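>>> Just a sequence and a predicted model for now, questions to come.
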Amino acid sequence: MTEKKNSYTVKLTPAQMEEAARILREGNYRARRLEHTIAAAEGEDCQIAIYKSGKCLVQGKGAADWITFVLEPQVLGEARLGYEDILNPEANAPHMGVDESGKGDFFGPLVIAAAYVDETLAKDLKAMNVRDSKTITTDKAAQDLARKIRERLGDRFVVVSIGPAAYNRLYATMGSVNRILAWGHARAIENLLEKVPNCPRALSDQFGPEQQIQRALQQKGRKIKLEQRHKAESDIAVAAASILARSGFLTALAKLGEKYGRTLPKGASEKVKAVAGDIVKKHGGAALLETAKCHFKTADEVLAAQGKTRKEEGLPPAPERKVFVPRRPAK
């Protein structure tokens with residue numbers, strides 16, 4: 001069994017949410033008012049909150065006991081807590097996790113991070129409630145946790161940041177986001193191997209054929225065992241890398257915004273288009289090469305709204321976009 005910690009997050013199905021909420025309403029709990037929850041209560045040495053998103057957050061020194069003796073048998077119908085080491089013995093074995101941030105954001109860099117863990121580091125990171133960065137709801141919380149991860153890992157992590165200008169050059173050469181990702185993952189793996197040369201395995205989320213990373217690795221990285229799998233962020237090393245990558249992205253995005261006197265929003269929303277339009281008006285379309293990932297269709301929409309074209313503004317041609325044409329049923 002792993003050492004108990006004081007904060008746990010469990011994803012519930014709608015039916016499980018309803019059952020957990022019923023237990024809090026009808027059991028020996030003191031109800032609490034908490035925004036965005038369907039039920040929240042204080043139990044014995046712990047506080048439980050069932051959020052509308054399906055997240056169940058349990059905190060306090062009695063959190064592990066409540067999950068073990070209430071949530072698992074009465075709601076989940078299975079034992080999960082504390083069995084990670086038994087069910088997946090490789091989880092705490094020495095390895096590195098690799099993840100990226102910024103892939104879906106028009107503005108800012110693509111950042112790839114790699115983090116190394118062994119049994120001691122893995123347990124310490126779990127005790128810090130390190131988890132997939134996508135479950136962290138505020139930028140401040142992500143930055144705070146990233147700082148703690150950096151302090152704990154010391155020299156056993158790397159961050160590779162591919163700024164917009166470099167990203168656009170790579171895309172012009174490679175013509176594929178997955179190839180850029182493979183190149184970035186390979187650089188992160190090799191850079192971390194300089195610091196932990198005996199690391200036997202690298203794990204990342206599934207984004208393309210493993211051979212892409214293998215081909216991008218130089219000689220010093222060819223011997224490491226590569227593994228990709230869906231939802232790899234459940235692995236503690238990948239989760240740590242995801243937070244470090246997000247932190248690197250947020251920091252770089254803020255600095256880029258300062259240079260252009262604007263707060264650059266994340267994603268590719270209408271707000272993003274509005275800010276991009278303002279930048280183009282003030283600095284010209286070529287400024288997108290220095291601030292944004294120009295293969296996004298967002299670039300075409302921003303330029304078209306101002307009667308401009310890629311060629312006129314010195315941007316590379318738009319990538320070919322595949323259009324799905326449904327097949328007609330046979331007569």
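Ah, there it is.
>>> Show me what whatever helix or strand Ala237 lives in is packed against.
Applying DSSP states H and E as the criterion places Ala237 in helix 236-260. Here helix 236-260 is seen to pack against strand 95-101, strand 110-117, helix 119-127, helix 139-153, strand 157-162, strand 201-205, helix 287-291 when contacts are counted using 3 or more C-beta pairs under 8 Å, 6 or more residues apart in numbering; DSSP states H and E. Just so you know, the C-beta spots here come from the backbone N, C-alpha and C atoms, and that holds for glycine as well.
>>> Please identify the most buried of the ones you listed.
For the helices and strands packed on helix 236-260, the largest average neighbour count (mean count of other C-beta atoms under 10 Å) is found in strand 110-117, namely a mean of 30.
>>> Check the model's average confidence along it for me.
Taken as a whole, strand 110-117 carries a mean pLDDT of 98.
>>> tilt between that strand and helix 236-260?
For strand 110-117 against helix 236-260, the angle by axes from the mean of the first three to the mean of the last three C-alpha atoms, to 10 degrees is 150 degrees.
>>> Strand partners (parallel or antiparallel) of strand 110-117?
The partner list of strand 110-117 in its sheet, established with DSSP bridges, is strand 95-101 (antiparallel), strand 157-162 (antiparallel).
>>> The ones you listed into CSV, with extra columns for distance to Leu121 and mean pLDDT?
Putting these into CSV (distance: least, C-beta to C-beta, whole Å; pLDDT from 0 to 100) gives the following:
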stretch, distance to Leu121, mean pLDDT
strand 95-101, 11, 96
strand 157-162, 10, 98
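>>> all strands for the chain, in order.
Taking DSSP state E, the strands of the chain run over residues 7-11, 30-31, 37-43, 46-51, 55-59, 95-101, 110-117, 157-162, 201-205, 225-229.
>>> Generate JSON lines for those, with distance to Val177 as supplementary columns.
JSON lines is the format used below for the strands of the chain (distance: least, C-beta to C-beta, whole Å):
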{"stretch": "strand 7-11", "distance to Val177": "28"}
{"stretch": "strand 30-31", "distance to Val177": "48"}
{"stretch": "strand 37-43", "distance to Val177": "37"}
{"stretch": "strand 46-51", "distance to Val177": "32"}
{"stretch": "strand 55-59", "distance to Val177": "30"}
{"stretch": "strand 95-101", "distance to Val177": "10"}
{"stretch": "strand 110-117", "distance to Val177": "8"}
{"stretch": "strand 157-162", "distance to Val177": "11"}
{"stretch": "strand 201-205", "distance to Val177": "14"}
{"stretch": "strand 225-229", "distance to Val177": "15"}
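>>> Other residues contacting stretch 164-176?
Residues outside stretch 164-176 that contact it (C-beta atoms under 8 Å, 6 or more residues apart in numbering): 107-110, 162, 177, 180, 183, 256, 289-295, 316, 319.
>>> Could you do stretch 177-196 as well?
Stretch 177-196 is contacted by residues 96, 98, 100, 103, 110, 112-116, 155-160, 162, 167, 170-171, 174, 199, 202, 204, 207-208, 212-213, 215-218, 220-221, 224, 295 when judged by C-beta under 8 Å, 6+ apart.
>>> How is the protein divided into domains?
According to the domain assignment given by automatic domain parsing, the chain is divided into the following structural domains: 7-82, 90-252, 268-313.
>>> ends of the last one, how far apart?
Start-to-end span of domain 268-313 (C-alpha to C-alpha, to the nearest Å) is 21 Å.
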